[in-house]
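Undergrad: Any chance you can model this:
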Amino acid sequence: MTTATLPIYRSRPTRGRRTKEDIETIRRALERLLQRENPATVRQVFYRLVSMGVIAKSEAEYKQTVCRLLGEMRLAGRIPFGWIADNTRWMRKPTTFSSLEQALRRTAEAYRRSVWDEMPVYVEIWLEKDALAGVIYDVTREYDVPLMVTRGYPSLSYLSEAAAQLWRIGHEKRIHIYYFGDRDPSGVDIPRNVEARLREFTRWDVPIAFDVVAVTEDQIDEFGLPTRPTKLSDSRSATFDGESVEVDAIPPADLRELVRACIEQHIDQDQLAALEITEESEREILRAFADEYAGGAR
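TA: Numbering: from 1, shown residues only. Below is the predicted model:
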């Protein structure tokens, strides 16, 4: 499972100042990459350029080249803002409407039937990095799957609330949790902690299958992922072998495909097709209510 082949560039030596032509080559590489692999986080774009040989793997290149050029190119209209995923900043506001008719029409647009009510299992995707939520949310949303973001080690309150939901569901069906996170000392320990706490808070009373999907050792070779030296300052580094890899290093299209594969293995496609027909029929009923209300209000 790999993304479509992209051009391989030769990095210029990092010493000295890049020419205008050098910068334009990087800009073109950014355009071609994001045309094929959006949305992506800035960090993912950085790792992809490193793999393509466009830039060196350094924090200076990340900040002074990738961050700077992506900012300039979005402001100039050269790439759309929506091609870069950023789930770390959002507005909190209650949903309001200008009229009852508008509320009915919005409800019709947003109406969905629960995909998992009729399925024999329940699925959740857990993700270490909040910034990557925007990269995979389109897949989890498509299949009505909860996307649980830990932001590193999650709080006890977060885990307790998640476990309460699992406890209710787990008495009716088997639960499958798929975890995506970094491969480094803390990144390997976080899913261990999450799984242990969820089992503890559900009192070991429900069937939970917990699988770490990424990043694995095999994926480092499979996707040619850039590594980085393991931080010795991490207290867990003494028991960790090898170099570290961020989950951001997995190309966006491959990351989405990994998520999709986890979910689709539990989906009955015939049931899903029947549900979508029912869903659209019920949307039409809601639209009819909106039309009827609009006609009566005139």
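Undergrad: Which stretches in the protein count as helices?
TA: 20-37, 42-52, 59-60, 68-75, 100-110, 133-142, 156-170, 185-201, 217-222, 252-264, 269-297 (DSSP state H).
Undergrad: Single out the most deeply packed of the ones you listed.
TA: Mean neighbour count (mean count of other Cβ atoms under 10 Å) peaks for helix 42-52 among those, with a mean of 22. Quick note: C-beta positions are derived from backbone N, CA and C, even for glycine.
Undergrad: quick one: that one to helix 20-37, angle?
TA: Calculated by axes from the mean of the first three to the mean of the last three Cα atoms, to 10 degrees, helix 42-52 forms an angle of 110 degrees with helix 20-37.
Undergrad: Centre of the chain to helix 42-52, how far?
TA: 16 Å (Cα atoms, centre = their mean, to the nearest Å).
Undergrad: just stretch 276-287 next, same as before
TA: 29 Å.
Undergrad: Can you give the contact residues for that stretch?
TA: 104-105, 107-109, 111-113 (Cβ atoms under 8 Å, 6 or more residues apart in numbering).
Undergrad: Kindly recompute the last result at 10 Å.
TA: Contact with stretch 276-287 is made by 104-115, as judged by Cβ atoms under 10 Å, 6 or more residues apart in numbering.
Undergrad: Make TSV from the helices of the chain and add mean pLDDT and distance to Ala238 to it.
TA: Shown next, in TSV, are the helices of the chain (pLDDT from 0 to 100; distance: least, Cβ to Cβ, whole Å):
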stretch	mean pLDDT	distance to Ala238
helix 20-37	96	37
helix 42-52	95	27
helix 59-60	93	25
helix 68-75	97	37
helix 100-110	93	50
helix 133-142	96	32
helix 156-170	96	26
helix 185-201	97	8
helix 217-222	93	19
helix 252-264	97	30
helix 269-297	91	47
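Undergrad: nearest to Glu246, of the ones you listed?
TA: helix 42-52 (7.0 Å; Cβ to Cβ).
Undergrad: Please name every helix or strand in contact with that closest one.
TA: When contacts are defined as 3 or more Cβ pairs under 10 Å, 6 or more residues apart in numbering; DSSP states H and E, helix 42-52 sits against helix 20-37, helix 68-75, helix 252-264.
Undergrad: Take those and write them to JSON lines, including distance to Trp90.
TA: JSON lines is the format used below for these (distance: least, Cβ to Cβ, whole Å):
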{"stretch": "helix 20-37", "distance to Trp90": "22"}
{"stretch": "helix 68-75", "distance to Trp90": "18"}
{"stretch": "helix 252-264", "distance to Trp90": "20"}
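Undergrad: ok, back up a step: save the contacts of stretch 276-287 as JSON lines, and put in distance to Trp83 too.
TA: Below are the contacts of stretch 276-287 laid out as JSON lines (distance: Cβ to Cβ, whole Å):
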{"residue": "Leu104", "distance to Trp83": "34"}
{"residue": "Arg105", "distance to Trp83": "29"}
{"residue": "Arg106", "distance to Trp83": "27"}
{"residue": "Thr107", "distance to Trp83": "30"}
{"residue": "Ala108", "distance to Trp83": "30"}
{"residue": "Glu109", "distance to Trp83": "24"}
{"residue": "Ala110", "distance to Trp83": "25"}
{"residue": "Tyr111", "distance to Trp83": "29"}
{"residue": "Arg112", "distance to Trp83": "26"}
{"residue": "Arg113", "distance to Trp83": "31"}
{"residue": "Ser114", "distance to Trp83": "31"}
{"residue": "Val115", "distance to Trp83": "28"}
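Undergrad: How is this protein partitioned into domains?
TA: What automatic domain parsing lists as the domains of the chain is 20-83, 115-267.
Undergrad: of all those domains, which lies closest to Glu292?
TA: Per Cβ to Cβ, nearest to Glu292 of the domains of the chain: domain 115-267, 28.6 Å.
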